[in-house]
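S.K.: just a sequence and a predicted model for now, questions to come.
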Amino acid sequence: MSSDRVIRGKILYLADDTSVIERQLAGESLQFDAARPLMNSISTDEITPGWVCYYFDETLARYCLVGLRGGVIKQDSIAKGGFGVIVSGASKGCGSSRETAPFSELKAGVQLVIAKSIEKIYKQNAQNIGLLTSTDFGLIDRIEKGEAIAVDEFTRGLDPISAKIVECGGLFAYNRERLAGKVTPPALTTTARPMTLCEKILASHVIVDAKSDKRGVVAVKPGDAFFARTDVRFSHEYVTPMAESLFVSEMGANAKVSDPASVFAFRDHLTFLDRVMPEAHRAMGLEEQAKSLAVVQEKFATKHHVKLYGEVHRDGKLVGSEAICHNKIIEEIALPGQLVAGTDSHTCMAGALGCFAFGVGSTDMANAWLTRDVRVTVPETARFNLHGAMKEGVCAKDVMLYLLSQPFFKSGDGIGTVLEFAGDGVRSMPLDERATLTNMAVEAGGFTGIIEADEVVVDYLVAQRGLDADDVRAKIVRADEGAAYVATFDIDLSTIGPMVATPGDPRNGVAIDDERVHGVPINIAYGGSCTGGKKTDMDMYAQVLGDALKLGRRVAPGVHLYIQFGSQDIRRYAEKKGYVELFERVGAELVDPSCGACIKAGPGVSFSPDEVTVSAINRNFPGRSGPGKVYLASPFVVAASAIAGKIVRPSELPNRTGEQRERIED
C-alpha cells in the first residue's frame with residue numbers, strides 16, 4: 001500500500017460567482033486565489049438531486065453536481081471535464097446522508113475534495129468509499145506542481161480507525177484486513193470519568209472482543225474510536241438497493257444479514273413520486289428506474305427476513321406508506337439507552353427517546369448488516385439548557401430555527417457535535433416537540449440530538465406500545481454530574497418569538513417580523529414530513545385552522561395547503577380528533593404518509609422558480625422541494641399563512657369584525 005497519493009486532473013473551484021464555474025467547465029484553468037469567494041453550504045441534494053438517487057451504480061458519475069445552484073453544472077460535465085480536485089467553501093456536504101453524493105464525485109474522476117469545513121456524515125461516507133477530503137488549502141499549490149502527497153496529510157487529526165480506513169482506501173478494504181487479522185482496532189484506555197449522556201450510551205455498546213461478543217467499557221472520551229454494537233439498523237428504499245449491491249459484491253451472494261429481527265426496511269420516500277415526476281424525467285426512463293428501488297428492497301427484505309414497513313392500500317388503491325421511517329422508529333421500535341443507526345440523516349429524531357441515534361451511509365449499513373456494528377468516534381457534546389415557557393403561538397420549530405441562526409452553528413463550530421437538550425423548558429415539552437429538536441440537530445451539522453428520557457417518555461411508551469413502566473425506567477441512561485461539554489448555552493424560551501428561515505439554508509432564521517419574510521406572498525403551504533407531521537403538529541394546524549373556520553375563513557385563493565401525516569397512526573389520531581374533517585372543510589389537501597414534497601417526491605413540490613412555499617419541513621436547501629423558494633416555519637405559521645395568502649403569525653388573522661387580533665409581542 002503506497003503511503004503517497006498523486007492527485008491527477010484539473011482543479012475545479014466552486015466559486016460563489018457561477019460564471020467562474022462555467023468558464024472552468026468550458027476549459028479554462030484557474031489558479032488558486034484566496035480572495036475569490038467560494039460557494040458555501042453545498043448540500044448533498046445539490047451534488048446528487050433526488051432524481052439522480054434513483055441510480056445506485058456508476059451511472060451516478062454522469063449526474064455529479066447537476067443540482068448545484070439551479071443547474072450551473074450539466075450532465076457529464078464533471079465526468080468529462082478531467083477534474084481530479086473539487087474546492088469549495090464552508091459546510092461541504094450538508095443535508096442528507098446520501099452516499100450517492102461522494103460516490104458520484106469519485107466515479108466522475110474526483111480524487112480529492114477540499115473545503116473550508118466538511119460535514120460529518122459526508123466526510124465519513126467519503127472515507128468509506130476512498131474519496132480523499134481535506135480542509136488544508138495549502139495542498140492546492142503542491143497538487144498544481146504535481147507533488148506526491150503523503151497519505152498522512154489526509155489522515156492528520158483523524159482517529160486511528162478512520163485514519164486506517166483512509167490508508168486502506170475504504171471501509172470494505174479495511175474490514176477485509178480486519179477480518180484477516182492484519183488490522184486490529186486499538187484498545188481503549190480511557191479511565192473512569194464523568195460522562196455525558198451520549199458517552200455513557202456509547203461506552204456500554206463498545207465492542208471489546210468481536211469473537212466473544214464482549215461489550216462495554218468503563219468510560220469513553222471525545223476522540224475515542226471503536227466499533228459499537230447496534231440495537232436497531234434501518235434503511236429506506238432510496239438507500240437499501242445501493243447498500244444491498246455493496247453487501248453482495250463485497251460479502252458474496254450467500255452472505256446473510258445478522259440478527260434480522262433488529263433490522264428494518266421502509267418504503268417511505270418515493271411512494272408518491274409518480275404524481276409529480278416531470279415529463280422530462282419520464283422520458284429519461286426514470287419512472288421505471290425509481291420503481292425498481294422498491295422492488296429491490298422488497299426482495300432484500302424477503303430474502304433476509306427483514307421487517308418491511310411498506311405501502312398501504314384502501315379499497316384496492318394505493319394511498320401511501322405505513323409511515324415515514326423516523327416516526328415509526330419512535331412509535332414502535334427504539335428504546336431509551338439504545339444505539340440506533342439508519343441510512344438517513346434524520347435518524348437523530350429518535351434521540352427524543354433518550355437513545356443514541358444517528359445517520360450512516362450505504363457502505364456503513366452494508367457492513368452493519370453482516371457485523372451488527374458501526375464505527376464511531378466519540379463526539380464532543382454541546383449542552384442546551386432550555387428554561388422557562390414558550391409564548392403562545394411559539395413551538396419547538398421556532399426554538400430550533402432560532403438556535404440554528406446563532407453563531408455557534410452558522411460558523412460551523414457545531415459540526416460533528418452532539419446537541420444535548422436539557423432544562424425545565426425541555427421537560428415541559430411533549431415528546432413530539434422534543435422530537436422536533438432532535439430531528440433538526442442534523443441541520444446544525446450535528447452528529448445527533450439527544451434528550452434524557454423521563455416520565456414523559458415512560459408514559460408515552462406505556463400508552464403507545466403497552467410496555468411495562470418499570471422496564472422502561474430501567475433502560476433510562478442519565479448524564480453524570482461533572483460531565484464535560486464543549487459548549488453550554490442557557491436559553492430563555494420566553495424570549496423567542498415565531499421564526500422563519502429564508503430560502504437556501506435552515507440556518508437563515510430571522511424573526512417573523514423581519515421585512516425579508518413578513519408578508520411575503522405564498523403559493524404553497526406545506527405541513528408535513530417527519531418534522532412537521534406528528535400528532536402535536538396536527539394539534540397546531542387544527543388550532544389555527546379551527547379558529548379561521550369559525551371566522552368564516554378558508555385557504556386563500558391561489559394557495560395550496562397540504563397537510564401530510566407522518567404515519568398511519570398519526571392519521572388515525574387526526575381522524576379521531578375530528579381534524580381530518582376540519583382540514584378538508586377549510587380547503588386543505590390531505591396526503592397520506594410519505595416523505596413526499598420534503599424530497600421533491602410528492603404533492604406540495606414547486607414546479608417553477610417563481611413559486612413560494614412556506615413549509616414545516618426541516619431543510620430548505622436549493623432545489624430540495626422543487627425549483628421554487630422555500631421558507632421554513634412552524635406549523636402555526638404554515639397554517640396561518642395558508643389562510644392569509646402570505647407569511648404571517650397566527651395572531652394577525654382578522655377577527656369576526658375584520659379587525660386584526662392584538663399582536664403577541666416578542
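M.R.: Good, I have the coordinates.
S.K.: could you pull out the helices for the stretch 351-500 of the chain?
M.R.: 362-371, 396-404, 407-410, 424-427, 431-439, 455-465, 469-475 (DSSP state H, counting those that start in this stretch).
S.K.: which other helices and strands contact the fifth one?
M.R.: Taking 3 or more C-beta pairs under 8 Å, 6 or more residues apart in numbering; DSSP states H and E as contact, the helices and strands that helix 431-439 lies on are helix 396-404, strand 418-422, strand 448-451, helix 455-465, helix 529-532, helix 535-550. Just so you know, the C-beta spots here come from the backbone N, C-alpha and C atoms, and that holds for glycine as well.
S.K.: equivalent analysis for the last one, please.
M.R.: Counting contacts by 3+ C-beta pairs under 8 Å, 6+ apart, the secondary-structure elements packed against helix 469-475 are helix 455-465.
S.K.: which residues touch the helix it packs on?
M.R.: For helix 455-465, the external contacting residues (C-beta atoms under 8 Å, 6 or more residues apart in numbering) are 331-332, 335-336, 352-354, 427, 429-431, 434, 467-469, 472-473, 476.
S.K.: if you set the cut-off to 7 Å instead, what comes out?
M.R.: Contact with helix 455-465 is made by 331-332, 336, 353-354, 430-431, 467, 469, 472-473, as judged by C-beta atoms under 7 Å, 6 or more residues apart in numbering.
S.K.: mind listing the strands for the stretch 151-300 of the chain?
M.R.: 207-209, 214-215, 225-229, 232-236, 263-266 (DSSP state E, counting those that start in this stretch).
S.K.: scratch that, the stretch 501-650 of the chain is what I was asking about
M.R.: Under DSSP E, counting those that start in this stretch, the stretch 501-650 of the chain gives strands at 509-511, 524-527, 560-564, 589-591, 612-615, 629-632.
S.K.: point out the most buried one among the ones you listed.
M.R.: strand 524-527 (a mean of 29; mean count of other C-beta atoms under 10 Å).
S.K.: for that one, name the packing helices and strands.
M.R.: In terms of contacts (3 or more C-beta pairs under 7 Å, 6 or more residues apart in numbering; DSSP states H and E), strand 524-527 is packed against strand 560-564, strand 612-615, helix 635-644.
S.K.: who wins for proximity to residue 586 among the strands of the stretch 151-300 of the chain?
M.R.: Judged by C-beta to C-beta, the one of the strands of the stretch 151-300 of the chain that comes nearest to residue 586 is strand 263-266, at 30.7 Å.
S.K.: just checking: what are the partner strands of that closest one?
M.R.: strand 232-236 (parallel), strand 307-309 (parallel) (DSSP bridges).
S.K.: quick one: closest of those strands to residue 522.
M.R.: strand 232-236 (29.5 Å).
S.K.: hmm, who's touching that closest one?
M.R.: By C-beta under 7 Å, 6+ apart, strand 232-236 touches 243, 262-266, 268-269, 325, 329, 333-334, 338, 340-344, 365, 368-369.
S.K.: dump the strands of the stretch 501-650 of the chain into CSV; add distance to residue 66 as well.
M.R.: Listed next are the strands of the stretch 501-650 of the chain as CSV, based on distance: least, C-beta to C-beta, whole Å:
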stretch, distance to residue 66
strand 509-511, 29
strand 524-527, 24
strand 560-564, 27
strand 589-591, 28
strand 612-615, 22
strand 629-632, 19
